[in-house]
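# this is a predicted model, with the sequence first.
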Amino acid sequence: MAALSTPEVSTGELVLSLRGIDKNFGAVQALTGIDLDIYSGEVVALVGDNGAGKSTLVKILAGVHPQDGGTITSDDKRVSINNPADSNNLGIATVYQDLALCDNLDVVANLFLGHELGRGTINEVEMEKRSWSLLRQLSARIPSVRIPVASLSGGQRQTVAIARSLIGEPRIVILDEPTAALGVAQTAEVLNLIERLRERGLGVVLISHNMADVQAVADRIVVLRLGRNNGEFKVADVTYEDIIAAITGASDNAVTRRAQARVDAAGAPAATAGSRPDDTALPEEDRP
């Protein structure tokens, strides 16, 4: 497994920085000392097994749960996210896995739900123009903005949810499992959307269990395990096996350590970064 070192700093602007974030629910410590940096024009993937703390961290960023410890910094200023309004004011938009779309309404109505244009009378014409403009910027494949969302495919529905998040011109977009339960073609459509978000200069936080999707679009990967940071990698420098090992904690397994010690003692290239262990630290039967 590769060394759990911090990748080189992104060339984009640091939009949001989390340091030492803690969160507990009664006696359960959900997050302990979490660090996370989000840069403009970069896709950072947040990965981990079930119960690793990904959803809790996302809800802290979205203002659903306030953190119990640690600091959040935006534009070199310490900020607090106590509710969804605070999150929106910081330019954070969250697209949850359930999408929260109204199936009986058309695309335009879903995009501007709660943010309708016009005074007294809703300006349907202007809303439709802006809808098409936004969808074109995302290279979205929507046949019409006047058809009910219920008639759209899974990928198209995800497109509408992502487009809606951009109405408020956010700086950060958080995508929670955007390709879950989608087919191959629909997944490719959503991954293209993520590329468009990066090209627009937005900071994108991608939560996913699909490592193929992560490696396809992410620039950086942050691994959580048991509510703690367990590695940060540049996608170009890491393998699928490295990521899975960090997620599962394979390097913490006694059997893995013993096998690695034998490989190092035999003089073979080490699977993990670091110096060769002292022979005296090996069991007697494993010493050369």
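Thanks, I have it.

# hey, let's count contacts and neighbours off CA atoms from now on
Noted.

# tell me the secondary structure at D22.
strand (DSSP: H, G, I helix; E, B strand; the rest coil).

# show the pLDDT at it.
pLDDT, D22: 96.

# please report how far it lies from L90.
Noted for D22: a distance of 20 Å to L90, by C-alpha to C-alpha, to the nearest Å.

# again with V184
Taken as C-alpha to C-alpha, the span from V184 to L90 is 34 Å.

# which of those two has more neighbours?
L90 (20 against 10; other C-alpha atoms under 10 Å).

# mind listing what D106 touches?
V145, R146, I147, P148, V149 (C-alpha atoms under 8 Å, 6 or more residues apart in numbering).

# helices of the stretch 151-288 of the chain, start to end?
154-165, 184-199, 211-217, 240-248, 254-265 (DSSP state H, counting those that start in this stretch).

# which of these is buried the deepest?
helix 154-165 (a mean of 23; mean count of other C-alpha atoms under 10 Å).

# how about that one as CSV, C-alpha atoms only?
Coordinates of each C-alpha in helix 154-165 appear next as CSV, following Å, rounded to 0.1, in the frame of the first residue of the first chain:
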residue,chain,number,x,y,z
GLY,A,154,-32.1,8.2,-13.8
GLY,A,155,-29.2,10.0,-15.4
GLN,A,156,-31.4,12.8,-16.6
ARG,A,157,-33.0,13.2,-13.1
GLN,A,158,-29.5,13.5,-11.6
THR,A,159,-28.7,16.1,-14.2
VAL,A,160,-31.8,18.2,-13.1
ALA,A,161,-30.7,17.9,-9.4
ILE,A,162,-27.2,19.0,-10.2
ALA,A,163,-28.4,21.9,-12.4
ARG,A,164,-30.8,23.0,-9.6
SER,A,165,-27.9,23.2,-7.2
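
# what packs against that helix?
In this structure, helix 154-165 makes packing contacts with strand 92-95, helix 107-111, helix 184-199, judged by 3 or more C-alpha pairs under 8 Å, 6 or more residues apart in numbering; DSSP states H and E.

# quickly list what the most centrally placed residue in the chain is bridged to.
Closest to where the C-alpha atoms of the chain average out (C-alpha atoms, centre = their mean) is L206, at 2.4 Å. Taking DSSP bridges as the rule, L206 bridges to A45, L175.

# quick one: contacts for it?
Going by C-alpha under 8 Å, 6+ apart, the list of residues near L206 reads V43, V44, A45, L46, I174, L175, D176, E177, V214, A218.

# can you rerun that using 6 Å?
Neighbouring residues of L206 by C-alpha atoms under 6 Å, 6 or more residues apart in numbering: A45, L46, L175.
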